[in-house]
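A.B. asks: got a sequence here, can you model it:
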Amino acid sequence: MHSACIVLDDGDGDGRRRRQMYIMGGRNVDGKICQDFWVLDLDDYKWTQLSQPPSPRCAHTTTLIRTRSRYGLYSFGGWDGCNHIFDDCTVYDLETELWVQTAAPIASPTDSVPRFAHALCALGDGGSGDDDGGKDHVALLFGGVNMVSDLRDLVLVCRQGNDA
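C.D. replies: This next block holds a predicted model:
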């Protein structure tokens, strides 16, 4: 129950081409929740271990979103394998190669519910090199599970173009 995200980006004419698959967290064969983060180069099929995310988790989601200030992998929610369900957002900035902890960018605070085993899908062309003038970038978050029930909601996740 890891998350995986593919980044296909031919760059902006600057020679920085990216064809990679990122894998984060999950559970190992012993059931331990992992805190590792790997990238597979899709040109030479070489695996590289990257810096650890802020906390071990499984059943979270990760999607690529580009804003004016950040081009990164946004990871939302998940479970620590014990009794904590996350409602946070951790971002791996693809330019600085650093992790940033941010508040969950939920459009309505009443929709910010801790969850795991949900789906997250970016809308629009979040991975393109186009400068969009700082427009909002959105994703849809669907369902999942929390300590109370199975969730059947559809939540708008919004990241402002000039936000982190």
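A.B. asks: hang on, residue 116 packs against residue 58?
C.D. replies: Yes. If you go by C-beta atoms under 8 Å, residue 116 and residue 58 touch, sitting 7.4 Å apart. The C-beta positions use only the backbone N, C-alpha and C, and glycine is treated the same way.
A.B. asks: between those two, what contacts are shared?
C.D. replies: Applying C-beta atoms under 8 Å, 6 or more residues apart in numbering, one finds that residue 116 and residue 58 are jointly contacted by 78, 79.
A.B. asks: mind listing the helices for this protein?
C.D. replies: For the chain, applying DSSP state H gives no helices.
A.B. asks: low-confidence ranges in it?
C.D. replies: Across the chain, the ranges flagged by pLDDT under 70 are 11-16, 67-69, 103-111, 125-136, 159-164.
A.B. asks: what about the strands in it?
C.D. replies: Ranges of strands in the chain, per DSSP state E, are 3-9, 18-24, 37-41, 47-49, 61-66, 71-79, 85-93, 98-102, 119-123, 137-145, 150-159.
A.B. asks: residue 30 is nearest to which of the ones you listed?
C.D. replies: Evaluated over the strands of the chain, closeness to residue 30 peaks at strand 71-79, with 16.6 Å, by C-beta to C-beta.
A.B. asks: in space, what's closest to residue 56 - neighbours in sequence excluded?
C.D. replies: Closest residue to residue 56 apart from its sequence neighbours, by C-beta to C-beta, 6 or more residues apart in numbering: residue 35 at 3.8 Å.
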